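Participant: okay, predicted coordinates and the sequence, questions at the end:
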Amino acid sequence: MNRSGPSKDKAEHALRRLEFEAQAPVQRPIAIDGAVLEFDVWEDESRWWAAVSRPGYGIAVEARNIDPAGVSLVSVDDLEPYIAGRNQRIKEQRGET
């Protein structure tokens, strides 16, 4: 994995994948709706992945260029405002507004 995504070189990609899969996760606290849970966290150069299991479901997070210590999660019942905001930002970046 490099900063622009998976390596184009298949051998390098396979090697990095093996190295990553051999990495033991580190426990880090991440708050969900104000309750702090210990997530298993795996880190790469600029990305990290976190996972935790709860009774009946699991939570997984993938992020890059942000410290896991600065992350907190909240439950969202209506995704529409987030989708609309994202679509507006894309239009602005394209110069469509």
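Facilitator: All right, it came through fine. Numbering: from 1, shown residues only.
Participant: which SSE is the residue nearest the centre of the chain in?
Facilitator: Central residue of the chain (CA atoms, centre = their mean): residue 62, 1.4 Å from the mean position. Take DSSP states H and E as the rule and residue 62 turns out to sit in strand 57-64.
Participant: go on, residue 28?
Facilitator: Using DSSP H and E, residue 28 maps to strand 26-32.
Participant: centre of the chain to stretch 55-67, how far?
Facilitator: Offset of stretch 55-67 from its chain centre (CA atoms, centre = their mean, to the nearest Å): 5 Å.
Participant: in this protein, which spans are helices?
Facilitator: 10-22, 80-94 (DSSP state H).
Participant: out of those helices, which comes closest to residue 74?
Facilitator: Residue 74 sits nearest to helix 80-94 of all the helices of the chain, at 11.5 Å, using CB to CB. In short, each C-beta sits where N, CA and C put it, glycine included.
Participant: how distant is the closest one from the center of its chain?
Facilitator: Distance of helix 80-94 from its chain centroid, counting by CA atoms, centre = their mean, is 20 Å.
Participant: got the contact list for it?
Facilitator: Residues from elsewhere that reach helix 80-94 (CB atoms under 8 Å, 6 or more residues apart in numbering): 76, 97.
Participant: residue 46 is in contact with residue 65, isn't it?
Facilitator: Yes - contact criterion CB atoms under 8 Å: residue 46 and residue 65 qualify, at 5.8 Å.
Participant: picking up where we left off before, report the inter-axis angle for the strand holding residue 62 versus strand 26-32.
Facilitator: Strand 57-64 and strand 26-32 are oriented at 100 degrees to each other (axes from the mean of the first three to the mean of the last three CA atoms, to 10 degrees).
Participant: can you list the strands that strand 57-64 pairs with?
Facilitator: The strands beside strand 57-64 in its sheet (DSSP bridges) come out as strand 47-54 (antiparallel).
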